[in-house]
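S.K.: Turn this into a model:
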Amino acid sequence: MASHGMCPSVKNILLLDSEGKRVAVKYYSDDWPTNNAKLAFEKFVFSKTVKTNARTEAEVTLLENNIIIYKFVQDLHFFVTGGDDENELILASVLQGFFDAVTLLLRSNVDKREALENLDLILLCLDEIVDGGIILETNGALIAEKVTSSSLDADAPLSEQTLTQAWATARDHLTRTLLK
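M.R.: From the prediction side, this is the model:
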């Protein structure tokens, strides 16, 4: 049973590379008490999903009584896990929010190298999305904005410019992708 009653909860958010190794992970549940248990779960989830084509849109699967929503981009694999009694749409919105925020923060260069260079921002992203398993925010733009404002000096005003540039870049990228 979900320990949070009726409040939707997330058990973990995983960002793995194309070999199933961790880039950034955050666990909010005691289902995997040790680091080895966590690594085994990541390997298991990766092996069960790696052959699927989750590139165009998110896919959903049920593994070991967990709903897992996932999406692949370049050499990055995004996963959100919830209990089998969780609402898939809510978990999917968490995945999309994480993905959108990462896309903005990496200025549409969503790949492992960029992710590792900006790992601090990605970890901040996870903190803005879920706290202790409770979903705080699923809007990618708001998550990215909170992350950029908290990673700047407290005195520095939030640079509207960078977010606007990021949006423009993302829009251009999307337009190019759609026009291919």
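S.K.: Look at the residue nearest the centre of the chain and report its pLDDT.
M.R.: The centre of the chain sits closest to residue 98, judged by C-alpha atoms, centre = their mean, with a distance of 3.6 Å. Note for residue 98: predicted pLDDT of 96.
S.K.: Near the residue nearest to it when sequence neighbours are not counted, how many other residues are there?
M.R.: Leaving out its chain neighbours, the residue that sits closest to residue 98 by C-beta to C-beta, 6 or more residues apart in numbering is residue 129, at 5.7 Å. In this view, the C-beta of every residue, glycine as well, is placed from N, C-alpha and C. For residue 129, the neighbour count with other C-beta atoms under 10 Å is 25.
S.K.: give me the element residue 39 is part of.
M.R.: Residue 39 belongs to helix 35-49 when elements are defined using DSSP states H and E.
S.K.: List the neighbouring strands of the following helix or strand past that helix plus their orientation.
M.R.: Later in the chain than helix 35-49, the nearest helix or strand by DSSP H and E is strand 59-63. When pairing is defined by DSSP bridges, strand 59-63 lines up against strand 66-73 (antiparallel).
S.K.: Now do the partner strand against helix 35-49, angle only.
M.R.: With axes from the mean of the first three to the mean of the last three C-alpha atoms, to 10 degrees defining the directions, strand 66-73 sits at 70 degrees from helix 35-49.
S.K.: Just the C-alphas of strand 66-73, formatted as PDB.
M.R.: What follows is strand 66-73, C-alpha atoms only, in PDB (Å, rounded to 0.1, in the frame of the first residue of the first chain):
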ATOM      1  CA  ASN A  66       5.500  -1.200  -9.900                       C
ATOM      2  CA  ILE A  67       4.300   1.000 -12.700                       C
ATOM      3  CA  ILE A  68       7.200   2.300 -14.700                       C
ATOM      4  CA  ILE A  69       6.800   5.100 -17.200                       C
ATOM      5  CA  TYR A  70       9.900   5.700 -19.400                       C
ATOM      6  CA  LYS A  71      11.200   7.500 -22.400                       C
ATOM      7  CA  PHE A  72      14.500   7.400 -24.200                       C
ATOM      8  CA  VAL A  73      16.300  10.400 -25.800                       C
END
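S.K.: average pLDDT across the next helix-or-strand element following it?
M.R.: Using DSSP H and E, the next helix or strand after strand 66-73 towards the C-terminus is strand 76-83. The average pLDDT within strand 76-83 is 96.
S.K.: and for strand 76-83, what are the contacting residues?
M.R.: 1-2, 8-18, 20, 23, 45-46, 49-50, 65-72, 90-92, 94-95, 98-99, 102, 110-112, 115 (C-beta atoms under 8 Å, 6 or more residues apart in numbering).
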